[in-house]
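Student: Coordinates for the following, if possible.
(4 chains)
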There are 2 protein chains.
Amino acid sequence: MSPSVAPEPEGMPRHDDRRRALAESALRTLGELGYARASLREIAQNSEFSHGVVHYYFRDKLDLIVYCAQYYESMCADRYDDLVDGATSAEGLCDDFASRLAESIAQDASVHRLWYDLRSQSMFEDPLREAVYGVDRTLEGVVWRVLTAYAELQGRSVAVTPRTAYGLLDGLFQQALLAHLAGQDDALERLARQVRGLLPQLLLVDQDEG
Amino acid sequence: MSPSVAPEPEGMPRHDDRRRALAESALRTLGELGYARASLREIAQNSEFSHGVVHYYFRDKLDLIVYCAQYYESMCADRYDDLVDGATSAEGLCDDFASRLAESIAQDASVHRLWYDLRSQSMFEDPLREAVYGVDRTLEGVVWRVLTAYAELQGRSVAVTPRTAYGLLDGLFQQALLAHLAGQDDALERLARQVRGLLPQLLLVDQDEG
DNA sequence: GCCATTTTTTGACACTCGTCAAGCGAATCG
DNA sequence: CGATTCGCTTGACGAGTGTCAAAAAATGGC
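Tutor: This next block holds a predicted model:
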């Protein structure tokens, strides 16, 4: 009877609004300080609430962090769909994808470094593992959607698995993020160049080969 | 004089031995708990010393962490040189390299996850940035040495920059480490397969092309 | 064997953390 | 209008942290 914990559709819109608002504040603070040094007090202080309210909407700190990860996941889920839909040529899609990856670092570097922080934490804390896994698979899907669209525009097929494609791109992305945060100005254009060079390599040289 | 284990001939052999011993204990504890939850007391407890001794040999916690990073760096520096030296065929080198990367995860997963943890932390804490940068460039050099040897055995040349090669491989490695720690049994052989597929792609199709 | 120096232990300090209980204003409802 | 929940604030508790000073032990030269 008590619609307390998870009343998604109609139940308590207020409750979920607050959770989202807290998650946004938390993402800001976490992105600035990192997982290790972002306390609940600091998170609440950067919001319009006091520090006790967190335990009213979240069971504990990890519950909040996991919620933040899922919120971040929902942000990334369809971030590149417009690129795919509006693509006219393979080379154009490749360029746009490379550019937007770089833009994403320029605009949201803090959120991205938080993501890598949380993923590292998930190697030590089991409760985080599941949430991180979900984000990873979502991002893998995003990359895969771009890549298959790119392949189709080329009239060729993809030569690697979704996981491999994501792993390769993620490695370059993380490297670029690190360099960008270290103040290397050419980090972003280098990333774009790397991606433009990588994408063609991920396709089979001819349509009928295995 | 005292023929200690250390390669440091003069200066203060005792002092540096203790620093190394503490760094090894710290690496064990840090690899188990992560940067955020590994306290100096816990680190000292896993060593043969008490918790106060850390501040006798290190200025503060960050000083110890940085020293650990450099110690880790020295461990990795020539880890794959024997592969390069003993390689007879390109395909053999490729296979050996892929296998050893997988073995490295199987045997030293804790140290590797600590490395990714520290690298993430370096995006938030400036004092770590420099040390992480050094390790990154060292690993880049290790990868590059293998790759150029592989190219030479093929009679071809490398098509990517050292940075790109390292970024790509690191992405796959990190992904495999994450999957391995999550209990996916096929993570390591998948990594080996990915690497065997990637290396040939990093070479120019023909010797004289640009 | 004694003294000076180095090395190690111990205990404490100031601080921050997550968590929770108690209280309070406002809204809801019978 | 009074009672009762809800939303949120406040203040406190205990545990844990990095750091350091003082004591204690070990070391080495004379």
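
Student: what's the helix or strand for the residue of chain A found nearest chain B?
Tutor: The minimum distance from chain A to chain B, using Cβ to the nearest Cβ, falls at A:Gly171 (2.0 Å). Just so you know, the C-beta spots here come from the backbone N, C-alpha and C atoms, and that holds for glycine as well. Following DSSP states H and E, the helix or strand that holds A:Gly171 is helix A:162-181.

Student: so where's chain A shaky on pLDDT?
Tutor: Chain A contains residues with pLDDT under 70 at A:1-13, A:206-210.

Student: ok, back up a step: my guess is the residue of chain A closest to chain B contacts B:Ala165. True?
Tutor: No: look at A:Gly171 against B:Ala165 with Cβ atoms under 8 Å: they stay out of range, at 10.1 Å.

Student: thinking again about what came up before, now do the helix holding A:Gly171: which elements does it pack against?
Tutor: helix A:90-121, helix A:126-154, helix A:187-201, helix B:162-181, helix B:187-201 (3 or more Cβ pairs under 8 Å, 6 or more residues apart in numbering or on different chains; DSSP states H and E).

Student: Say whether DNA strand C is contacted by the longest one.
Tutor: By that I understand helix A:90-121. No: contact of helix A:90-121 with DNA strand C (Cβ under 7 Å from any atom of the strand) is absent, the minimum separation being 12.8 Å.

Student: show me the contacts for the spatially most central residue of chain A.
Tutor: Geometric centre of chain A, nearest residue: A:Cys76, 5.0 Å, by Cα atoms, centre = their mean. Applying Cβ atoms under 8 Å, 6 or more residues apart in numbering or on different chains, we find A:Cys76 in contact with A:135, A:138-139, A:142.

Student: Dump the residues you listed into TSV; add distance to chain B as well.
Tutor: Shown next, in TSV, are the contacts of A:Cys76 (distance: Cβ to the nearest Cβ, whole Å):
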residue	distance to chain B
A:Val135	12
A:Thr138	15
A:Leu139	11
A:Val142	15
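
Student: Could I get the contacting residues of the residue lying closest to A:Asn46 once chain neighbours are set aside?
Tutor: Leaving aside its sequence neighbours, A:Asn46 sits nearest to A:Thr29 (Cβ to Cβ, 6 or more residues apart in numbering or on different chains; 4.8 Å). When contacts are counted by Cβ under 8 Å, 6+ apart, A:Thr29 touches A:38, A:42-43, A:46.

Student: Who wins on neighbours among the residues you listed?
Tutor: The most crowded member of the contacts of A:Thr29, judged by other Cβ atoms under 10 Å in any protein chain shown, is A:Ile43 (24 neighbours).

Student: most packed of the helices and strands packed on helix A:162-181?
Tutor: Of all the helices and strands packed on helix A:162-181, helix B:162-181 has the most neighbours on average by mean count of other Cβ atoms under 10 Å in any protein chain shown, namely a mean of 23.

Student: Quick check: the gap between the closest residue in space to A:Asp81 that isn't next to it in sequence and A:Gln201.
Tutor: By the measure of Cβ to Cβ, 6+ apart, the closest residue to A:Asp81 outside its immediate chain neighbours is A:Arg145, 7.1 Å from it. Separation of A:Arg145 from A:Gln201 (Cβ to Cβ, to the nearest Å): 19 Å.

Student: A:Asp63 too?
Tutor: Distance from A:Asp63 to A:Gln201, by Cβ to Cβ: 42 Å.

Student: How about A:Gly31?
Tutor: With Cβ to Cβ as the criterion, A:Gly31 and A:Gln201 are 32 Å apart.

Student: now A:Ala26
Tutor: On the measure of Cβ to Cβ, A:Ala26 and A:Gln201 end up 39 Å apart.

Student: Also A:Ser25?
Tutor: Counting by Cβ to Cβ - A:Ser25 and A:Gln201 are separated by 41 Å.

Student: Noted, bye for now.
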